[in-house]
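Peer 1: Fold the following.
(chains A and B)
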Protein chains: 2
Amino acid sequence: MRIISGRGIADSVGQFCVAAIGAALAIVLWLGCGKVGAAGETKPNIIILFADDLGYGDLGCYGHPTIHTPNLDRMAAEGMKFTQFYSAASVCTPSRAALLTGRLPIRSGMCSDRRRVLFPDSAGGLPDDEITIAEALHRQGYATACIGKWHLGHLPQYLPRRHGFDYYFGLPYSNDMQNQRRGDPPLPLLRNEEIIEQPAVQQTLTRRYTEEAVAFIRRSKDQPFFLYLPYTFPHVPLYASEAFQGRSRRGLYGDVVEELDASVGTILEVIRREGLAERTLVFFTSDNGPWLTQRLDGGSAGLLRDGKGCTFEGGMRVPAIAWWPGTIAPGRTCHDLACTMDLFPTSLGLAGAELPQDRPIDGVDMMPLFRGESGLRRVMFYYRGTRLMAVRVGPFKAHFYTQPAYGPGSDTPVPHDPPLLYQLEHDPSEQFDVAQKHPDVLAEIASIVEEHRRTLVPGMPQLDAVIQSTK
Amino acid sequence: MRIISGRGIADSVGQFCVAAIGAALAIVLWLGCGKVGAAGETKPNIIILFADDLGYGDLGCYGHPTIHTPNLDRMAAEGMKFTQFYSAASVCTPSRAALLTGRLPIRSGMCSDRRRVLFPDSAGGLPDDEITIAEALHRQGYATACIGKWHLGHLPQYLPRRHGFDYYFGLPYSNDMQNQRRGDPPLPLLRNEEIIEQPAVQQTLTRRYTEEAVAFIRRSKDQPFFLYLPYTFPHVPLYASEAFQGRSRRGLYGDVVEELDASVGTILEVIRREGLAERTLVFFTSDNGPWLTQRLDGGSAGLLRDGKGCTFEGGMRVPAIAWWPGTIAPGRTCHDLACTMDLFPTSLGLAGAELPQDRPIDGVDMMPLFRGESGLRRVMFYYRGTRLMAVRVGPFKAHFYTQPAYGPGSDTPVPHDPPLLYQLEHDPSEQFDVAQKHPDVLAEIASIVEEHRRTLVPGMPQLDAVIQSTK
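Peer 2: Just a heads-up that it's a prediction; the model follows:
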């Protein structure tokens, strides 16, 4: 077991303290919380299914005309579909760091303006003193597994089992990171810390992730469990199992998404069959928008502007579906703001774990949303690397800088003073600047930004350091 | 009763003939058709709900993030949602002519390169010798009503009751056609041929259409009926009833669409309560894509390119939902090609009416699609006025000309030789020309176009003639 560095508490003591707090909290929950944590009930299981580069418009229930996703559509019909749900960054590494820690990537140092994500030659990773969902839930007695793409540091000290996961199976970084000229090794597939296949056979990855997930659920079903399943796809290069090749009207990209859809279907079916449906929250979303430069190998942001890598909506607004029969009413659409960082307090709350008090947490507990309440989150910060590009407050989004993901102008951020202002609920495609009409909104946003900047303490940068080559 | 001109048969005789054919057909249906027309069953009711300028991306179930359409979403969940369904034209008048006649607008003369739709000073209208769904169904004993926007000729000889409808309530043309400088009269609201309000109070139009529709359904429920309800909105100028003003997150456009959604909900509820659900086909669609030049008063084509007025997908691909409990299985998505012209043979087939044999019919019966079969329609012609701009064959669309709906280049069609070729199922946003890769497809499309041109007989133009002013 590990040490929570920066607090200096030996882990066994820490475990004791946390257990004591957990017990106290459990009592509070028993007294105050109704359904969850009521006497005699076990804590709910939590499953996060996390697609890679899946765009806002890529599912049937989000309007794609030719990608057939009956399982995700059914998940939405039985659960809650979000229409204004965000990833915390428009690229992979910072997005994942934020999901697992509930904190803006800049706080953990997991973003950079030089190298936007971690690479096979990176020396950094998610700092030891960050607290992940897995870590917090593990202390509450959860079995925990990460099955899929990690991308928060591939060196031993950064791997999932150093961050609260009991078990790991998957790729340590993106599936396109095997650039021989850069000196990348063949793509490794890991079980725990051991490389079990190199290069990883990508064609069967989704199938094997699914099998691993099912096995984990079956062996963990008698205790509460947390499964984090960050799929490798539809990030390029695209691969689908034989059973899915050539099946989709949308071509290879569709095959790959349809295999993901089937994987989700398999997992939900296992949850149902094992009788776990009423005590398992399953949350599906994506790490950022579609990679449009990949042309037909990239996805679609639907009606949203631009895609992966930028702070227009297409880069950061993603599909999101929450499923929990008996707790989330079926067929609901949630038009409220929410984001991947909200999964941290939501999960901790369900597990009866206290939120860390020694650091800012940017997430907001989503349980009230799941129960049909609204209006919890008003503010979204859109960072690109360490630069605050835009802020959303209510329906209004102010762009202080814009920089498209590709094409003309993609090299340099363009400053806007006054900022461009879009009313996103009227104008989801960010076409009509209404700054002149809303000086009051600009003033409110300016004060929110000022407060944010004043109090923000950036973490030690993790993405720029490179391993010294031994060649 | 009226004469079928161009055939020279007095109506009473015609009625007799049609009745005889109908009886013969009914026997065939009894023998061969299973559910519909089985002995002792009454013919199904048919309701067509037709929005105006509603875009492909404007409903919740088609991915709009902030327009809340629970009734249409439920209709889709209980029925069949189409993802590749087309209107027959990208503007109003030709689109409506095609829906009601099952024929390309060029065959009826209901399109033009000079005046794209009918105006209050137009002298033309839907020719007397065209056969509408209403006319064919009326002869099969259906009660028929048109409630809403007609736009197929406002002079007495063109109004709905001259085209097979027993009853009419609505506007004779678009709700923006009250240009005083052009000499337009104040907007008239008609009941049958009588002006009952002028200018029409637009704010309550959707509510009154709904009330009229409900009254028609209730008074016609003991016989088969055909209700054609072409809503006035969300065509500009936008108006919503008091109960819907300010209700939508999407602003006024959302209020208007949400009132339409509520109207659909009311109509389906009446159908259910009257016990008619299992013998009523309800079909919802739109006359063309969103009017993008109206900015926030116009809708969204979602991921499709461009909008109303052009032959890119955004101009002509529209939302479409078919609902018929007991016949259409719930929750189906149909990815097949289909179009508004298909409603003509579908409706006639259900009513036991023979298709006209003396003219080309461009529609294809959709009943097999409703039952879950596929692959019926392979070809779609995209006309702009009288010019054939593009052709879709299977997933491929060849643009012989392009002309965006607005902005740079919108004045003049640009010819393409070889045509631009898009694989629409891979590339719904029409971004990647694949002509060079598919000479075989180009050859097939060329031969289909040649055959089409060789056999096409354009109708007498109806849209250019103007009433001689008496001022």
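
Peer 1: switch to C-alpha atoms for all contacts and neighbour counts from now on
Peer 2: OK.

Peer 1: Phi and psi next, for A:Gln423.
Peer 2: The phi/psi pair for A:Gln423 (degrees, to the nearest 10) reads phi -90, psi 100.

Peer 1: and the gap between whatever residue of the stretch 101-250 of chain A ends up closest to chain B and A:Phe244?
Peer 2: Using CA to the nearest CA, the single residue of the stretch 101-250 of chain A nearest to chain B is A:Arg250, 4.4 Å away. The gap separating A:Arg250 from A:Phe244 is 12 Å, by CA to CA, to the nearest Å.

Peer 1: Among these two, which residue is more densely surrounded?
Peer 2: A:Arg250 (25 against 17; other CA atoms under 10 Å in any protein chain shown).

Peer 1: Where does that one sit: helix, strand or coil?
Peer 2: Secondary structure, DSSP: H, G, I helix; E, B strand; the rest coil: A:Arg250 is coil.

Peer 1: what's around the nearest residue to it once chain neighbours are set aside, how many residues?
Peer 2: Excluding the flanking residues, the one nearest A:Arg250 by CA to CA, 6 or more residues apart in numbering or on different chains is B:His426, at 4.4 Å. As a burial measure, B:His426 scores 23 neighbours (other CA under 10 Å).

Peer 1: Repeat that for A:Val466.
Peer 2: 14.

Peer 1: Can you tell me how far it is from chain B?
Peer 2: 38 Å (CA to the nearest CA, to the nearest Å).

Peer 1: can you list the residues of the stretch 251-400 of chain A near chain B?
Peer 2: Within the stretch 251-400 of chain A, the residues that sit near chain B (CA under 8 Å from any CA of the partner chain) are A:251, A:296, A:300-303, A:335.

Peer 1: which of these lies closest to B:Pro186?
Peer 2: Using CA to CA, A:Leu303 comes nearest to B:Pro186 of these, at 36.9 Å.

Peer 1: looking at it, the closest one is touching A:Gln431, isn't it?
Peer 2: No. A:Leu303 lies out of contact with A:Gln431 (CA atoms under 8 Å); the separation is 11.1 Å.

Peer 1: contacting residues for A:Leu424?
Peer 2: Contacts for A:Leu424 (CA atoms under 8 Å, 6 or more residues apart in numbering or on different chains) come out as A:395-397, A:430.

Peer 1: now with 10 Å?
Peer 2: A:Leu424 is in contact with A:84, A:304, A:313, A:392, A:394-397, A:430-432, B:65-66, B:249-250, counting by CA atoms under 10 Å, 6 or more residues apart in numbering or on different chains.

Peer 1: Which ones among those residues map onto strands?
Peer 2: Counting by DSSP state E, the part of those found in strands is A:84, A:392, A:396-397.

Peer 1: re the thing from before, quick check: neighbours shared by A:Arg250 and A:Phe244?
Peer 2: A:256-258.

Peer 1: With neighbour count, secondary structure and pLDDT as extra columns, can I get those in a markdown table?
Peer 2: Output for the shared contacts of A:Arg250 and A:Phe244, formatted as a markdown table (neighbours: other CA atoms under 10 Å in any protein chain shown; DSSP: H, G, I helix; E, B strand; the rest coil; pLDDT from 0 to 100):
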| residue | neighbour count | secondary structure | pLDDT |
| --- | --- | --- | --- |
| A:Val256 | 28 | helix | 98 |
| A:Val257 | 26 | helix | 98 |
| A:Glu258 | 26 | helix | 98 |
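
Peer 1: Quickly find the element holding the residue nearest to the spatial centre of chain A.
Peer 2: Nearest residue to the geometric centre of chain A (CA atoms, centre = their mean): A:Leu99, 4.4 Å. For A:Leu99, the element it lies in under DSSP states H and E is helix A:92-101.

Peer 1: Top of the residues of the stretch 251-400 of chain A next to chain B by number of neighbours, please.
Peer 2: Of these, with other CA under 10 Å as the count, A:Ala301 tops at 30 neighbours.

Peer 1: Next one: it from A:Asp53, what distance?
Peer 2: From A:Ala301 across to A:Asp53, the span is 10 Å (CA to CA).

Peer 1: One more: A:Arg305?
Peer 2: As for A:Arg305, its distance to A:Asp53 is 15 Å (criterion: CA to CA).

Peer 1: what about those two, which has more around it?
Peer 2: The residue with more neighbours, out of A:Arg305 and A:Asp53, is A:Asp53; 29 against 19, by other CA under 10 Å.

Peer 1: Could you check the pLDDT of that one?
Peer 2: In this model, A:Asp53 is scored at 98, pLDDT.

Peer 1: next one: A:Ile267
Peer 2: 98.

Peer 1: Count the residues that sit near it.
Peer 2: The number of residues near A:Ile267, taken as other CA under 10 Å, comes to 19.

Peer 1: so A:Met75 touches A:Leu281, yeah?
Peer 2: No. With contact defined as CA atoms under 10 Å, A:Met75 and A:Leu281 do not form a contacting pair (11.6 Å).

Peer 1: higher neighbour count, the two?
Peer 2: Under the criterion of other CA under 10 Å, the comparison of A:Met75 against A:Leu281 puts A:Met75 first, with 25 against 21.

Peer 1: which residues does the closest residue to chain B within the stretch 351-471 of chain A contact?
Peer 2: Going by CA to the nearest CA, chain B is nearest to A:His426 of the stretch 351-471 of chain A, at 4.4 Å. By CA under 10 Å, 6+ apart, the residues touching A:His426 are A:395-396, A:432, B:65-67, B:248-254, B:296-297.

Peer 1: got a winner among those residues for most neighbours?
Peer 2: Neighbour counts for the contacts of A:His426, by other CA under 10 Å, peak at B:Gly254, which reaches 31 neighbours.

Peer 1: what's the spacing between the helix or strand where it lies and its chain's center?
Peer 2: Using DSSP H and E, B:Gly254 maps to helix B:252-273. Computed by CA atoms, centre = their mean, to the nearest Å, the chain-centroid distance of helix B:252-273 equals 18 Å.

Peer 1: Show me what the host helix or strand of A:Ala338 is packed up against.
Peer 2: Secondary structure from DSSP H and E places A:Ala338 in strand A:332-339. Where contact means 3 or more CA pairs under 10 Å, 6 or more residues apart in numbering or on different chains; DSSP states H and E, strand A:332-339 is packed against helix A:70-78, strand A:80-86, strand A:320-323, helix A:367-370, strand A:379-384.

Peer 1: Make JSON lines from those and add mean pLDDT to it.
Peer 2: Listed next are those as JSON lines, based on pLDDT from 0 to 100:
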{"stretch": "helix A:70-78", "mean pLDDT": "97"}
{"stretch": "strand A:80-86", "mean pLDDT": "98"}
{"stretch": "strand A:320-323", "mean pLDDT": "98"}
{"stretch": "helix A:367-370", "mean pLDDT": "98"}
{"stretch": "strand A:379-384", "mean pLDDT": "98"}
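
Peer 1: Beyond the helix or strand of chain A with the lowest mean pLDDT, next helix or strand please.
Peer 2: Lowest on mean pLDDT, DSSP states H and E among the helices and strands of chain A sits helix A:11-32, with a mean of 38. Downstream of helix A:11-32, the first helix or strand assigned by DSSP H and E is strand A:45-51.
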